[in-house]
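**Q** Fold the following, please.
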Amino acid sequence: MEQSLSEFMAGNLQTFWEMTGFYNATWEHFVMLAVGIFFLYLAIKKDFEPMLLVPIGFGILIGNIPFASGMEVGIYEEGTVLNILYNGVSAGWYPPLVFLGIGAMTDFTALIANPKLMLVGAAAQFGIFGAYMVALALGFAPDQAGAIAIIGGADGPTAIFLSSKLAPNLMGAIAVSAYSYMALVPVIQPPLMRLFTTKKERVIKMKPARAVSQNEKIIFPIVGLLLTCFVVPTALPLLGMLFFGNLLRECGVTTRLAKTASNALTDIVTILLGMTVGASTQASEFLTLETIGIFFLGFMAFIIASSSGVLFVKLFNLVLPKDKKLNPLIGNAGVSAVPMSSRISNNVGLEYDPSNYLLMHAMGPNVAGVIGSAVAAGVLLSFLG
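**A** The predicted structure follows:
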């Protein structure tokens with residue numbers, strides 16, 4: 001009897017041991033856990049986009065705890081809690097909610113006052129289509145190439161939305177890549193801005209923007225929705241929510257709704273989005289040669305997009321009157337990293353002229369980039385979806 005009891009206890013201990021993370025761990029799990037800790041380090045110690053990287057970094061830790069198959073705790077196991085939360089990513093309904101919050105907190109005044117800045121935001125989207133062609137040349141399928149290329153817009157929600165439609169199997173790598181490059185904007189963009197501009201161009205002072213009436217602010221989201229979505233109806237989930245959120249902000253009679261959309265709702269969705277995107281990077285799904293290719297193409301797309309905006313302003317200045325020339329340092333803000341890219345434009349400008357404040361001017365192409373990346377996603381979805 002004693003022996004059978006001891007055998008029973010030994011069997012239980014063996015079963016317990018085989019269910020632990022220590023037993024099921026592989027070197028790939030430890031690599032991904034190190035990546036998660038690195039993301040947390042960047043967010044907490046270096047202050048690189050903590051609102052994004054803390055949820056994503058901790059999500060990577062959650063998603064890479066080793067466990068035995070069949071325990072029904074993983075994000076890819078049907079019906080688990082994590083899987084249910086991940087539906088907001090895989091089904092693509094977190095990104096439109098984020099766009100609702102972005103619209104509710106975004107002031108489009110700089111763009112309304114100087115509509116030609118829309119062209120700068122549009123020029124920055126060249127990175128998306130340039131990366132799309134390179135991805136095709138490297139052997140990615142057209143739908144995969146389109147999903148990867150959208151990383152060049154530096155817009156995480158847009159990248160998640162498009163990849164959920166075109167390449168769900170690559171979504172984790174695409175989302176982490178997009179958010180990584182958004183967080184590294186302060187590292188990547190300034191050297192490019194200095195490379196493509198002269199000292200004389202960096203000190204160009206732009207005229208103060210004209211005053212924008214409240215009626216113009218109210219009309220803008222209505223007209224913006226009709227113009228963009230009549231051209232690219234496939235972008236309706238993103239642009240519809242973006243302009244709706246902005247109308248809540250500007251109409252003056254829905255202040256409570258605007259505050260909820262821009263604060264509580266955005267915070268909740270950001271937490272769920274970041275955590276589940278991070279958790280989707282399970283080692284078995286994430287550590288592949290395709291992931292390395294996605295990070296390389298995403299980096300290239302972001303470089304092209306940032307450079308295209310700066311170079312377009314230089315080209316545009318050739319046809320603008322002397323008193324209406326644009327400072328090329330605002331060109332980098334054509335990507336959709338709001339408001340970080342605008343702050344970079346301003347900070348680099350102040351390095352060369354402490355009295356030259358470019359923040360409000362840079363916000364024009366910056367918010368145009370939000371619209372532009374959503375339109376670009378709609379274009380890709382229309383012929384690849």
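
**Q** Secondary structure element for A178, which one?
**A** Here A178, judged by DSSP states H and E, is contained in helix 171-183.

**Q** Can you list the buried residues in that helix?
**A** Neighbour-count burial for helix 171-183, counted by 16 or more other Cβ atoms under 10 Å, picks out 171-183. (Glycine included, C-beta is placed from N, CA and C.)

**Q** who's in contact with it?
**A** 42-43, 48-49, 52-53, 56, 60, 89-90, 147-148, 150-151, 154-156, 159-160, 163-164, 167, 188, 274, 277-278, 280-282, 285-286, 290-291, 294-295, 298-299, 302, 337, 340 (Cβ atoms under 8 Å, 6 or more residues apart in numbering).

**Q** Using PDB, write out every CA atom in it.
**A** Extracted C-alpha coordinates of helix 171-183, given in PDB (Å, rounded to 0.1, in the frame of the first residue of the first chain):
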ATOM      1  CA  MET A 171      -0.200  40.100 -38.000                       C
ATOM      2  CA  GLY A 172       1.900  39.700 -34.900                       C
ATOM      3  CA  ALA A 173       5.100  40.500 -36.700                       C
ATOM      4  CA  ILE A 174       3.600  43.400 -38.700                       C
ATOM      5  CA  ALA A 175       2.000  45.000 -35.600                       C
ATOM      6  CA  VAL A 176       5.100  44.700 -33.400                       C
ATOM      7  CA  SER A 177       7.300  46.000 -36.300                       C
ATOM      8  CA  ALA A 178       4.900  49.000 -36.800                       C
ATOM      9  CA  TYR A 179       4.800  49.900 -33.100                       C
ATOM     10  CA  SER A 180       8.600  49.400 -32.800                       C
ATOM     11  CA  TYR A 181       9.300  51.900 -35.500                       C
ATOM     12  CA  MET A 182       6.700  54.300 -34.100                       C
ATOM     13  CA  ALA A 183       8.600  54.200 -30.800                       C
END
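
**Q** helix or strand right after that helix?
**A** Next helix or strand after helix 171-183 toward the C-terminus (DSSP H and E): helix 185-195.

**Q** Let's test this: mean pLDDT of that next one, rounded?
**A** Taken as a whole, helix 185-195 has an average pLDDT of 93.

**Q** That helix: which residues count as buried?
**A** Neighbour count says helix 185-195 has 185-186, 188-190, 192-194 buried, by 16+ other Cβ under 10 Å.

**Q** quick check, nearest of these to V223?
**A** Using Cβ to Cβ, V185 comes nearest to V223 of the buried residues of helix 185-195, at 29.9 Å.

**Q** how about the closest one, what does it touch?
**A** When contacts are counted by Cβ under 8 Å, 6+ apart, V185 is found next to 154, 335, 337, 340-341, 344.

**Q** re earlier: what's the most distant pair in the buried residues of helix 171-183?
**A** Farthest pair in the buried residues of helix 171-183 (Cβ to Cβ) is M171 and A183. Separation: 18.3 Å.

**Q** Name the residues of the helix or strand V134 falls within that come out as buried.
**A** Taking DSSP H and E as the criterion, V134 maps to helix 126-137. By neighbour count on 16+ other Cβ under 10 Å, the buried set for helix 126-137 is 126-132, 134-135.

**Q** Report the two of the residues you listed separated the most.
**A** F126 and A135 (14.6 Å).

**Q** Just checking the distance from the helix holding A178 to the centre of its chain.
**A** 7 Å (Cα atoms, centre = their mean, to the nearest Å).

**Q** Next, the angle from it to helix 185-195.
**A** Helix 171-183 and helix 185-195 meet at an angle of 60 degrees, taking axes from the mean of the first three to the mean of the last three Cα atoms, to 10 degrees as the criterion.

**Q** Where does pLDDT dip in the stretch 1-150 of the chain?
**A** For the stretch 1-150 of the chain, the stretches with pLDDT under 70 are 1-3.

**Q** Do a quick rundown of the helices in it.
**A** Along the stretch 1-150 of the chain, counting by DSSP state H, counting those that start in this stretch, helices occupy 2-19, 21-24, 27-44, 50-63, 81-90, 94-105, 109-113, 117-124, 126-137, 142-149.

**Q** To P321, which of the ones you listed lies closest?
**A** Judging the helices of the stretch 1-150 of the chain by Cβ to Cβ, what sits closest to P321 is helix 117-124, at 16.1 Å.

**Q** by contact count, what packs against that closest one?
**A** Counting contacts by 3 or more Cβ pairs under 8 Å, 6 or more residues apart in numbering; DSSP states H and E, helix 117-124 packs against helix 109-113, helix 289-317, helix 359-384.

**Q** Need the winner for burial among these.
**A** Using mean count of other Cβ atoms under 10 Å, the stretch among the helices and strands packed on helix 117-124 with the greatest mean number of neighbours is helix 359-384 (a mean of 25).

**Q** I'd like the average pLDDT over that helix.
**A** 92.

**Q** same question, stretch 201-215
**A** The average pLDDT within stretch 201-215 is 93.

**Q** That stretch: which residues count as buried?
**A** Result for stretch 201-215 [16+ other Cβ under 10 Å]: buried residues 201-202, 204, 206, 209, 212.

**Q** Would you mind reformatting those (as a markdown table) and adding columns for distance to I84 while you're at it?
**A** Formatted as a markdown table, the buried residues of stretch 201-215 follow (distance: Cβ to Cβ, whole Å):
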| residue | distance to I84 |
| --- | --- |
| E201 | 52 |
| R202 | 51 |
| I204 | 52 |
| M206 | 49 |
| A209 | 46 |
| V212 | 44 |
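
**Q** From those, which land in helices?
**A** 201-202 (DSSP state H).

**Q** ok, the buried residues of stretch 201-215 vs A362, which is closest?
**A** Checking the buried residues of stretch 201-215 one by one against A362 (Cβ to Cβ), the nearest turns out to be M206, at 9.8 Å.

**Q** Now do the contacts for the closest one.
**A** Listed by Cβ under 8 Å, 6+ apart, the contact set of M206 reads 325-327, 330, 358, 361.

**Q** Neighbour-wise, which one of those leads?
**A** Among the contacts of M206, I330 has the most neighbours (other Cβ atoms under 10 Å), with 33 neighbours.
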